[in-house]
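Visitor: have a look at this prediction, sequence included:
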Amino acid sequence: VPESLCREGRAMLDGVVEDFRRLAGVEVVTVADENLAGAFANTAAACDWTLVIAPEFDDLLFGRSRAVLDAGGRLLGPLPSAIRLTADKLATAELWQANGVCHPHTQRLAPGDFAAFPPPWVLKPRFGAGSQATFLIHDVGKEAATFHEARREWPHGDFIVQQHIAGESASVALLIGSKQTIALMPARQHLSSDGRFRYEGGSLPLPRPWAERAIKLALQAVQGIDGLQGYVGVDLVLGDDGRDH
């Protein structure tokens, strides 16, 4: 796992632990060592709920979530079936297209071909996290060199190419239960301006019109995905053209 993702994961863990410890009657137990698989399973079995923090690629999040259920524990996050689907950016895009959810044109890279739509393009791993090996390509003719660079950073797995949407990057956290879905306050995402879309922090609140647009699209995005529960985040772009993706 890249060091940047380790830092982000640690920040998530620290924030969650601090918040949970403020709740009366809640005891927080953490297992953070990759080599303690037995301790992880035993802890998941002994606790009332388990929240897994891991990147989506290489089945890291899927496998650990599956291990919680196999140990007899209960997940405070999505079920493995939902993780497997949403970790696949191509499959998720195809589902959104079928469900009428607005999203960027997305296609898998094929040998000798790049995109069936004009630039600018965003090149990224089909299974990835944290903007790893992600590149903005403005001009025709630069695809091959950029793909070669992306492949050096991410030597395994498929890549996809997406239509680049100009606009405001945002995220919405949802709390999904069996009877209702609650949208938390949308946040602005600050991304690097070097065409790599690296996360540089967030801020809130979003202005009201943007916030309403973000919540509407986030709720549409999670509909029809079985197994989404607990804390779920949706990243999106509030397009300059008034369309959100």
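Guide: All right, it came through fine. Residues are numbered from 1 along each chain as shown.

Visitor: name the residues of the longest helix along the chain that are buried.
Guide: As assigned by DSSP state H, the longest helix anywhere in the chain is helix 3-20. Residues Leu5, Glu8, Gly9, Val16 are the ones in helix 3-20 that count as buried (16 or more other CB atoms under 10 Å). For the C-beta atoms, the positions are set from N, CA and C on the backbone; glycine is no exception.

Visitor: ok, stretch 113-127 next?
Guide: Buried residues in stretch 113-127 (16+ other CB under 10 Å): Phe114, Ala115, Pro119, Trp121, Val122, Leu123, Lys124, Pro125, Arg126, Phe127.

Visitor: ok, stretch 165-177 next?
Guide: Buried, per 16+ other CB under 10 Å, within stretch 165-177: Ile165, Gly167, Glu168, Ser169, Ala170, Ser171, Val172, Leu174, Ile176.

Visitor: ok, and what's touching it?
Guide: The contact list for stretch 165-177, computed with CB atoms under 8 Å, 6 or more residues apart in numbering, reads 104, 181-184, 186-191, 202, 206, 210, 214-215, 217-219, 222, 228-241, 244-245.

Visitor: can you pull the contacts of Val16?
Guide: Contacts of Val16 were listed using CB under 8 Å, 6+ apart, and they are Leu51, Ile53.

Visitor: meant to ask about Val232
Guide: Counting by CB under 8 Å, 6+ apart, Val232 touches Gly77, Pro78, Ala173, Leu174, Leu175, Ile176, Val222.

Visitor: mean confidence score for the longest helix of the chain?
Guide: The pLDDT scores in helix 3-20 average 92.

Visitor: stretch 219-232 too?
Guide: Here stretch 219-232 scores 95 as its mean pLDDT.

Visitor: begin at 38, not 1, for the rest of this chat.
Guide: Okay, using 38 as the starting number, the last item reads as stretch 256-269.

Visitor: residue ranges of the strands in this structure, please?
Guide: Secondary structure of the chain, counting by DSSP state E: strands at 143-145, 158-162, 172-174, 196-200, 204-213, 218-220, 224-228, 236-240, 267-276.

Visitor: great, nothing more from me.
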